[in-house]
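Peer 1: model the following, please.
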Amino acid sequence: MAIPRSTVDQILKEGEDHQCTEPYETCVRIRAMADLPTRFGEYQVVAFTSCTDSKEHAAFVHGDVFDRAEVPVRLHSECLTGDAIGSLRCDCRDQLIESLGRIGRMERGLVLYLRQEGRGIGFVNKIRAYQLQDAGFDTVQANEVLGFRPDERDYGVAAHMLRALHVRSIQILTNNPAKVADLERHGVSIIGRIPVAVPPNEVNREYLETKQRKMGHLLDLEQFDDLVGYPPAEATK
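Peer 2: The predicted structure follows:
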């Protein structure tokens, strides 16, 4: 069951009236909400704008998450090359599809789509990092050569989005312990972690091993050893 119309009206009214009164690092406001049937199930889409930098973010909501606890949530940072083009250099598209499909089969849950391209360094710098990786640097080294940390993302926006939807606590779909820690720093109650296991391909195996070894991502790549070299189904179409 989706968020009821009366509750949608309440959420939209709260977004219209919202003014940050606490010293949050960032502030977002709900601007619009609509039904969104998808190939992964029935969703509602919620459009947010940031009051601090005018970026637009989205929540894709399955079922009624309003004022609910233990809601399964995936935080997904924008990846144009992976999400839209199907790049094999990363696992972003595979994780997004896996998360949407899994949540679509649950009673409720949501995917927050955050405009933090390239682990927060932006699209141009992400492609510059790819250039460095083509020259032999790994994903962490490339960011550092460009003057960035391995991961520049901040999840204050996500925490505020969850508050705007009155989500009381979450089960987070992630392999990244830093994401858990940052959300908790922003006041999100996390009661559990759900791994997002997707097989590597012949291109991104080294990239994923670097995230596991240098960034602490909780990946069990060995379970997919027999599948390495077999591209995602979509890549064969």
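
Peer 1: tell me, how many residues neighbour residue 177?
Peer 2: Number of residues near residue 177 (other Cβ atoms under 10 Å) recorded here: 13. All C-beta spots, glycine's among them, are computed from the backbone N, C-alpha and C.

Peer 1: that one contacts residue 218, doesn't it?
Peer 2: Yes. With contact defined as Cβ atoms under 8 Å, residue 177 reaches residue 218; the gap is 6.5 Å.

Peer 1: contacting residues around the residue nearest the centre of the chain?
Peer 2: Closest to where the C-alpha atoms of the chain average out (Cα atoms, centre = their mean) is residue 76, at 1.1 Å. Counting by Cβ atoms under 8 Å, 6 or more residues apart in numbering, residue 76 touches 92, 95, 96, 99, 111, 112, 113, 114.

Peer 1: pLDDT-wise, which helix or strand of the chain ranks last?
Peer 2: The weakest-scoring helix or strand in the chain, judged by mean pLDDT, DSSP states H and E, is helix 205-214 (a mean of 88).

Peer 1: report the buried residues of that helix.
Peer 2: Counting neighbours by 16 or more other Cβ atoms under 10 Å, one finds that the buried residues in helix 205-214 are 205, 207, 208, 210, 211.

Peer 1: just those now: which is nearest residue 127?
Peer 2: Checking these against residue 127 by Cβ to Cβ gives residue 207 as the nearest, at 15.0 Å.

Peer 1: distance of the closest residue to that closest one other than its chain neighbours relative to residue 204?
Peer 2: Once flanking residues are discounted, residue 207 sits nearest to residue 139: 5.5 Å by Cβ to Cβ, 6 or more residues apart in numbering. Distance, residue 139 to residue 204, using Cβ to Cβ, to the nearest Å: 10 Å.

Peer 1: neighbour count: these two, which is higher?
Peer 2: Legend: neighbour count by other Cβ under 10 Å for residue 139 and residue 204, higher for residue 139 (24 against 21).

Peer 1: that one touches residue 133, doesn't it?
Peer 2: Yes. Between residue 139 and residue 133 a contact is recorded at 6.4 Å, counting by Cβ under 8 Å.

Peer 1: residue 215: what's it in contact with?
Peer 2: Per Cβ under 8 Å, 6+ apart, neighbours of residue 215: 140, 150, 151, 176, 178.

Peer 1: cutoff 7 Å now
Peer 2: Applying Cβ atoms under 7 Å, 6 or more residues apart in numbering to residue 215 gives the contacts 140, 150, 151.

Peer 1: and the pLDDT for the spatially closest residue to the last one that is not a sequence neighbour?
Peer 2: The shortest distance from residue 151 to any residue that is not its chain neighbour, by Cβ to Cβ, 6+ apart, is 4.8 Å, and that residue is residue 119. Residue 119 is assigned a predicted lDDT (pLDDT) of 93.
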